[in-house]
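[1] model this:
(chains A and B)
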Protein chains: 2
Amino acid sequence: MRIGLGQFDAVVGDLEGNAKRMREIYGQAVKQGVDLLVFPELAVCSYPPEDLLLKKHFLDENRKIVEKLATDCPGITIVAGFADYYRGKTYNAAGVLQNGRLANVYRKGLLPNEGVFDEQRYFEPGNKPMVITLDGLSIAITICRDIWDINWLGKFLKGAGQIDALLNISASPFHLGKIKTRQDVVGDCAKRFNCPVGYCNLVGGQDELIFDGRSMFADATGKIVAMAKAFEDDLLTADITKKGKAVRVEPQPDSSVADIEAPEEAYHALVLGTKDYVLKNGFSKVLIGLSGGIDSALTAAIAVAALGSENVIGITMPSKFNSAETIGDAEKCTKNLGIKFMTIPIGSVLEQFNGSLEKVDGWDSRGLAYENLQARIRGTILMSLSNQFGALVLTTGNKSEIAVGYTTLYGDTAGGFAVIKDVFKTMVYKLARYINEINGREVIPGSVIDRVPTAELRPNQKDSDSLPEYDLLDKILKGYVEEDKSAQQLIDEGLPKEAVNRVIRMVDRNEYKRRQSPPGVKITHKAFGRDRRLPITNRYNHCITSV
Amino acid sequence: MRIGLGQFDAVVGDLEGNAKRMREIYGQAVKQGVDLLVFPELAVCSYPPEDLLLKKHFLDENRKIVEKLATDCPGITIVAGFADYYRGKTYNAAGVLQNGRLANVYRKGLLPNEGVFDEQRYFEPGNKPMVITLDGLSIAITICRDIWDINWLGKFLKGAGQIDALLNISASPFHLGKIKTRQDVVGDCAKRFNCPVGYCNLVGGQDELIFDGRSMFADATGKIVAMAKAFEDDLLTADITKKGKAVRVEPQPDSSVADIEAPEEAYHALVLGTKDYVLKNGFSKVLIGLSGGIDSALTAAIAVAALGSENVIGITMPSKFNSAETIGDAEKCTKNLGIKFMTIPIGSVLEQFNGSLEKVDGWDSRGLAYENLQARIRGTILMSLSNQFGALVLTTGNKSEIAVGYTTLYGDTAGGFAVIKDVFKTMVYKLARYINEINGREVIPGSVIDRVPTAELRPNQKDSDSLPEYDLLDKILKGYVEEDKSAQQLIDEGLPKEAVNRVIRMVDRNEYKRRQSPPGVKITHKAFGRDRRLPITNRYNHCITSV
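    Coordinates of the predicted model:
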């Protein structure tokens, strides 16, 4: 029997569009002799549909679409994820489509509710395993988290009889290196049940989440024998055959299992996330404020890879604090990328603004408020152009500066999508070098990569005036933000106490800025956003004030 | 036996501060002859601490604080909410403090995970009831949601033996009219177990949530016999006595149970929410952009009630589109409120900005981008003053306009706290009239209340040019946003199809603006924010396109 894993980029809420795409893949699968075609978790409505699931009319329509899909694709068996509203309760379900109808429904047993997940907000857990028989083979159907607790799954499937193969439909969000964990989970599952496993994962960017595909087959020994493309639609097929008690899996055609590493993995995730956010929200063009620094250069390079150079516009908005070198670098960058370039100096507006504010007693034309004013004038120019020309503004802040609030709210945070908001500054450098490497030339000028980081909001400003060096900063942030370590733990690990305390205080105090910042691509284990939910009003003091 | 319900305004994360306040209330309770003192759910760390609960060091400290509290308050029995980390799992718990130690721990059985709640993200459910014996009375302890499913509670307490009284510690978020539901829940619980119930609720504003106190006692017939103050700290006491099988509850001193209605209830919630957000986040002063319209006038009046007139500064930022009447009204309003007033005209900055943008091909000095530019200049002025002087900016948008995106991102949405973001425009008028009524004079000028709503961003603009009349708009929004009704349902209820479709489309398209807007006080059943989680990228079409 031939199984096809049809991973595809589904759009949240686009019930008709997703069904259309599934019909196309069905056509392709039939041509390839597939007997059983598998689509990802919640393929019909895409993942996560969030509070759309609280709307009864949405649930009704999503069921109609599944039933229509069954009618439209009667030739082979299909397993497809949808939201199942049944007797007043909603389930995260897998529909088994056979002979033109929705023949069976499996309901997910384990509902994740941590990290980026809120499934217990929407779904009831199912409590019945499902094993379908096809071509003499007994195939157990599971959904995502079901296989991540193998002891639970063992008990759950205990009374289900013989299992010759196991399918898992998933919408497993990406982070760097997660594929290894996923391969282990799939492999362990195959070993535990001594049978091949077919794992079908979603593709696409949805707000801050990325689904990276890489559907796979494991053989009964737990070895991953085939893997679908990363970050793209794909139809991965394999033949499952039973001889005596042994069940074999043979990929058709032979697929190699290639691993990719950061920064390559990060790059593809950022490109897909940007492309999908922009296009799925009805935009085609983007605007980026180019400072001549590395963050905006990297953002522009990712945007060009995602949307094409003809759809990216770079705007430089120099003031008297910008050096000739950075202004030149911004322009060089746009030439390298082949994008449209505009210069709108902010000097006259800044003067006029400052003149109005100087009439207020106590206004300081050299203080932090004046620095922020420059950033807000730039934000306003970008948003004005966005409103006028219908292009989305991409913001350029990285995770290190967003973490400590080294940003101006409504200034450099103004825009629709924050491409590198989950990319630490140390990774920004790696990505810039990687992009130059794959292009075989300096897309991002070497002078941009080598320059000492500066916001250029006052004379001779350097980031290190206000922040620890980025190597140290990123270490502290990784421990505190991503691993929930205490100040004491970080100090015990050898990080300097003064910097640890200072950074933690900055992270805590700037929650309000992050709350008003645009979404961006999650690439780490724990991103700011739905992954990390801290109160703004929060008097907990994490710092170590005495030895 | 005398029971005291010690409702107080706890601050999230302020473990030491909350414990100090509990010690003060303990002192007061001892003086009043209380035998059993009850504090709200998670009183030690306040509610909701969100992802602080994922930090082991936070959990450890919170336990130490409970143990210290027991040592400090050995005289009487105390029941207090805290987060209990036990054998690798975290529970929403009630500590029973007796004789200087944490004698017993009850763990919440039902964990809400819908609406504004995420308890299953953090807590394991407890599975053991707890009945303590005090003065010969058997008292069952429960936490919040435990009593909201009375059938579940009946089964849960079945083997727990005799129950003479039941306590419930809560952090039950406020919305208009919720007190009636709560009274029913408490009353039904008393009836079901045929015993008095003491219900202790949290007080205070925490980001978007308000806890309104109103702790209460019900007698065994289900009648609410005493209720603590609304929106304030209070210690409500009652004597519980057993004669034969009957258990009586007598409030000490006699407390009347007074209900309040909207808009009075809304007003107090908004004042407390504003006060707590500003003060708990370390601010004392606020800035408000005053347009001469009703929304900013109402916001200023609430701010004055929350913080005192000396802490509120009104800024008017007129352009050529503002009429003499609205400018005059803004000033009149500040005089009525006795607040500081500043005028910063935006004309010259607007001209300079527009001049810079006119150099871009296709810029239109009369279009929507130009209108938004004015709002963003105002937002930037307010934020500049905020940065310079350390005062928090309060935004002035109401729920109706936020719902349909009749706002400028980084313009009128720029600020730290959105006081009336959950107040429909129709309720804005009621609140304005209510404020004038309780003040016995026109705090908000009649001309402001009577003027046809306008954003004054172009000549002769009226809100109704772009939006349905507010009476109709608010009806559609209530159905669509708060009740999750479909377009078809709303049309079937008699609302006009064109307006329903148009409004729904506007609500859906503007999710991205709401995502970047500041938090504000939740007063309705369903507020924008943690209560309503919709994807930005969302192609679901709710509209009815054919008959």
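
[2] from the middle of its chain, how far away would stretch A:319-327 be?
    In terms of Cα atoms, centre = their mean, to the nearest Å, the centre of stretch A:319-327 is found 34 Å from the chain centre.

[3] And the closest residue to A:Ile143 other than its chain neighbours, its phi and psi?
    In this structure, A:Ile143 finds its nearest non-sequential neighbour in A:Lys108, 3.9 Å apart by Cβ to Cβ, 6 or more residues apart in numbering or on different chains. In short, each C-beta sits where N, CA and C put it, glycine included. When read as degrees, to the nearest 10, the backbone of A:Lys108 gives phi -50, psi 130.

[4] can you count the residues close to A:Lys108?
    By other Cβ atoms under 10 Å in any protein chain shown, the residues close to A:Lys108 number 26.

[5] residues in contact with it?
    Contact analysis of A:Lys108 by Cβ atoms under 8 Å, 6 or more residues apart in numbering or on different chains lists A:91-94, A:119, A:123, A:125-126, A:142-146.

[6] how about TSV for those, with neighbour count added?
    What follows is those, written out as TSV (neighbours: other Cβ atoms under 10 Å in any protein chain shown):
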residue	neighbour count
A:Tyr91	22
A:Asn92	30
A:Ala93	28
A:Ala94	29
A:Glu119	21
A:Phe123	20
A:Pro125	15
A:Gly126	24
A:Thr142	26
A:Ile143	27
A:Cys144	26
A:Arg145	23
A:Asp146	28
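
[7] out of those, which one sits closest to chain B?
    For these, the minimum distance to chain B (Cβ to the nearest Cβ) is 9.5 Å, reached by A:Glu119.

[8] how about the closest one, what does it touch?
    Applying Cβ under 8 Å, 6+ apart, the residues near A:Glu119 are A:Asn92, A:Lys108, A:Leu111, A:Pro112, A:Asn113, A:Arg145.

[9] thinking again about what came up before, the contacts of A:Lys108 in helices, which ones?
    A:Glu119 (DSSP state H).

[10] Quick check: buried residues in the longest helix that chain A contains?
    When chain A is parsed with DSSP H, its longest helix is helix A:368-389. If you call a residue buried by 16 or more other Cβ atoms under 10 Å in any protein chain shown, then helix A:368-389 has these buried ones: A:369-388.

[11] Put the alpha carbons of it into PDB.
    Extracted in PDB, the C-alpha atoms of helix A:368-389 (Å, rounded to 0.1, in the frame of the first residue of the first chain):
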ATOM      1  CA  LEU A 368      16.400  60.900  25.500                       C
ATOM      2  CA  ALA A 369      13.100  62.400  24.500                       C
ATOM      3  CA  TYR A 370      14.800  64.200  21.700                       C
ATOM      4  CA  GLU A 371      16.500  60.900  20.600                       C
ATOM      5  CA  ASN A 372      13.100  59.200  20.600                       C
ATOM      6  CA  LEU A 373      11.600  62.100  18.600                       C
ATOM      7  CA  GLN A 374      13.900  61.300  15.700                       C
ATOM      8  CA  ALA A 375      12.900  57.700  15.700                       C
ATOM      9  CA  ARG A 376       9.200  58.600  15.800                       C
ATOM     10  CA  ILE A 377       9.600  61.000  12.900                       C
ATOM     11  CA  ARG A 378      11.000  58.200  10.900                       C
ATOM     12  CA  GLY A 379       8.300  55.800  12.000                       C
ATOM     13  CA  THR A 380       5.700  58.400  11.000                       C
ATOM     14  CA  ILE A 381       7.300  58.900   7.500                       C
ATOM     15  CA  LEU A 382       7.200  55.100   6.900                       C
ATOM     16  CA  MET A 383       3.700  54.800   8.100                       C
ATOM     17  CA  SER A 384       2.600  57.800   5.900                       C
ATOM     18  CA  LEU A 385       4.100  56.200   2.900                       C
ATOM     19  CA  SER A 386       2.500  52.900   3.800                       C
ATOM     20  CA  ASN A 387      -0.900  54.500   4.100                       C
ATOM     21  CA  GLN A 388      -0.400  56.300   0.900                       C
ATOM     22  CA  PHE A 389       0.900  53.500  -1.200                       C
END
